[in-house]
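got a predicted structure here, sequence first:
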Amino acid sequence: MQSRKTSNTSLGAVTKESATDLVSEVVPFDPFDEFVIGMRDPNAATRENIAVVARQIFGGGDENKDFIAKLVESMLAVAESRAKIVAEQVILGGTLTQMVVATINHHTQKVGDTFNARRKAVSLALEFTEKSLQIKPSSARCYMRCHAKFGDEHEALRVFNLGELNILAAHEVTHEQITAIMEKKKTSPEMSRKDVDEMLRALQRQEEAIDDRDRQLENVQSLLEDSKVQLDVSERESQHLKEELAANKRHIVEKEKSLADMRELLVERTSGYSAMEKEVSDKSKQVDELTAEVAALRSAKPMVETKEVIVEKLPESLANVTAAVTASLAELGELDAKKSAAADELAALTAQYEAQKAEMEAATKAQRSMDELTEAWADVAGKMAKVQAAVQASREPQIYKPALEALSGMLRKYIEEIEAALKQ
């Protein structure tokens, strides 16, 4: 096994990493083009199993004993060479990297250190490699990539062949993925390059799924934080609404007090009106009695013979009765006027009382409705926040879009009606 450290030599200012970056953007490489022997783990080849296979193929008689022993020794030498081939190929990548670095330094000193100049230098170095040693640019890039990632990873060089190393040398392949595949191949040495590639893809899909779940958890956490803020805002708005409702209740209490005062005034006015009606009735009765008395005096027949005598004034008794009737009629007129005024005032007070009573009933009904809405809104707001968080955390939130649009339209309708009512 090759155990010495590779690529410790630097030929100029450009580092191995910068050169690797320049040569890493290449088409996939076929490991069987040249210098590649894609075989199983060399540790699988032991003296015992080689001997078993030889006896199965050539026979296990005594006549083949010496022949099989020679075959076993030869194949053990091949196995040892196979163990060195991958390491040597990676060392080859280090040498090619040094040559590319030297070419870049030489070319940039001549034409200037620019990105295009570096790309041109890499192209010249790969062209030189292909024409001098018939190493294709894709193969050269493969060697350099494997050297950049696995130059010091002796365990990976022992387990994987060059084709497998080329797959694992991609930038997106992590150290954890390489370790997992290495442990799997140690227990299953029959794994092929295709098996390694499939396992790598499976691990990448698993990590992508884990990343997706992590992002979903972050989204859910963010949604929960937003929901918490929204709930805080809703609580403040609810508290403000409760304060407004309390003010409305105080206003209703004041209205009720005013209505009670008006009711007392109405009762007072009503009781005075009854006394006034009784007084008018008494005066009417008195007027009727006086009128009857006057009529009786006028219609009474004298007991003696009468003769007409012109007098300058009425008899004293008749004049007194007439004056009394006139005074009573005048007083009755005043009482009728007072009664009409009291009736009008009573009607006005009754209408005002009924209006305030209706207003208070409407305010009480509105207050009760607002109380019920306030009590229900906290539950509705909480459920809406839970629905929003659940929908956005689901894998296919778009399937809930029609229902959410319908709910949004319904809420907009109520909001528009409330805003229209506030503008009136």
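Right, received. Where do you want to start?

residues making contact with stretch 58-70?
51, 54-55, 71 (Cβ atoms under 8 Å, 6 or more residues apart in numbering). (Each C-beta comes from the backbone N, C-alpha and C, glycine too.)

again, only this time at 6 Å
Stretch 58-70 has contacts (Cβ atoms under 6 Å, 6 or more residues apart in numbering) with residue 54.

list the buried ones in that stretch?
The neighbour-count check on stretch 58-70 (16 or more other Cβ atoms under 10 Å) flags residue 68 as buried.

any idea how far that stretch is from the chain center?
77 Å (Cα atoms, centre = their mean, to the nearest Å).

and for stretch 99-113?
54 Å.

dump the C-alpha coordinates for that stretch into CSV.
Output in CSV follows, covering the C-alpha atoms of stretch 99-113 (Å, rounded to 0.1, in the frame of the first residue of the first chain):
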residue,chain,number,x,y,z
MET,A,99,2.6,20.8,-14.1
VAL,A,100,-0.7,22.8,-14.6
VAL,A,101,0.4,25.2,-11.8
ALA,A,102,3.8,25.7,-13.4
THR,A,103,2.1,26.4,-16.8
ILE,A,104,-0.3,28.9,-15.2
ASN,A,105,2.6,30.8,-13.5
HIS,A,106,4.7,30.9,-16.7
HIS,A,107,1.8,32.0,-18.9
THR,A,108,0.5,34.7,-16.5
GLN,A,109,4.0,36.2,-16.1
LYS,A,110,4.1,36.7,-19.9
VAL,A,111,0.6,38.0,-20.6
GLY,A,112,-0.7,39.1,-17.2
ASP,A,113,-2.7,37.4,-14.4
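
check which residues of it are buried.
Neighbour-count burial for stretch 99-113 flags 99-104, 107-108 (criterion: 16+ other Cβ under 10 Å).

what residues are up against residue 159?
Residue 159 touches 182, 185, counting by Cβ under 6 Å, 6+ apart.

any idea which helix is longest in the protein?
helix 193-299 (DSSP state H).

filter the buried residues of stretch 99-113 down to the ones in helices?
99-104, 107-108.

where does the protein have low pLDDT?
1-46, 79, 82-83, 265-277, 279-280, 283, 286-287, 290, 293-322, 324-325 (pLDDT under 70).

show me where it has helices.
16-23, 47-58, 65-111, 115-133, 137-150, 154-159, 162-168, 175-187, 193-299, 316-393, 401-423.

the last one packs against which elements?
Which is helix 401-423. In this structure, helix 401-423 makes packing contacts with no helix or strand, judged by 3 or more Cβ pairs under 6 Å, 6 or more residues apart in numbering; DSSP states H and E.

repeat that for the longest one.
Contacting helix 193-299 under the criterion 3+ Cβ pairs under 6 Å, 6+ apart are the following elements: helix 162-168, helix 175-187, helix 316-393.

distance from that helix to the middle of the chain?
On Cα atoms, centre = their mean, the centre of helix 193-299 falls 32 Å from that of its chain.

number of residues surrounding residue 337?
Residues near residue 337, counting by other Cβ atoms under 10 Å, number 10.

list the contacts of residue 86.
With Cβ under 6 Å, 6+ apart, residue 86 has these contacts: 157, 161-162.

could you find the closest non-adjacent residue to the one residue sitting closest to the centre of the chain?
Among the residues of the chain, the one closest to the centroid is residue 223, at 4.3 Å (Cα atoms, centre = their mean). Leaving aside its chain neighbours, residue 223 sits nearest to residue 389 (4.5 Å; criterion: Cβ to Cβ, 6 or more residues apart in numbering).

now do residue 99
In this structure, residue 99 finds its nearest non-sequential neighbour in residue 125, 6.0 Å apart by Cβ to Cβ, 6+ apart.

residues in contact with the one you found?
So residue 125 contacts 99-100, 103 (Cβ under 6 Å, 6+ apart).

in a markdown table: those, plus distance to residue 89.
Below are those laid out as a markdown table (distance: Cβ to Cβ, whole Å):
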| residue | distance to residue 89 |
| --- | --- |
| 99 | 15 |
| 100 | 16 |
| 103 | 21 |
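
ok, the residues you listed vs residue 81, which is closest?
residue 99 (25.5 Å; Cβ to Cβ).

ok, residue 59 to residue 48 distance?
Plainly put, residue 59 is 18 Å away from residue 48 if you go by Cβ to Cβ, to the nearest Å.

on that earlier part again, what's the most buried one of the helices and strands packed on helix 193-299?
Ranked by mean neighbour count, the helices and strands packed on helix 193-299 are led by helix 162-168 with a mean of 25 (mean count of other Cβ atoms under 10 Å).

chain center to that one: distance?
Using Cα atoms, centre = their mean, the offset of helix 162-168 from its chain centre is 44 Å.

counting by contacts, list what that helix packs against.
In this structure, helix 162-168 packs against helix 137-150, helix 193-299, with contacts taken as 3+ Cβ pairs under 6 Å, 6+ apart.

got those as TSV, with distance to residue 81 columns?
Formatted as TSV, the helices and strands packed on helix 162-168 follow (distance: least, Cβ to Cβ, whole Å):
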stretch	distance to residue 81
helix 137-150	19
helix 193-299	20
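
of all those helices, which lies closest to residue 176?
helix 193-299 (8.3 Å).

helix 175-187 and that closest one, what's the angle between them?
130 degrees (axes from the mean of the first three to the mean of the last three Cα atoms, to 10 degrees).

measure how helix 193-299 sits relative to helix 316-393, angle-wise.
180 degrees.

now do residue 393 against residue 222, distance only.
Residue 393 sits at a distance of 10 Å from residue 222 (criterion: Cβ to Cβ).

er, residue 204 I mean
To residue 222, residue 204 is 26 Å away according to Cβ to Cβ.
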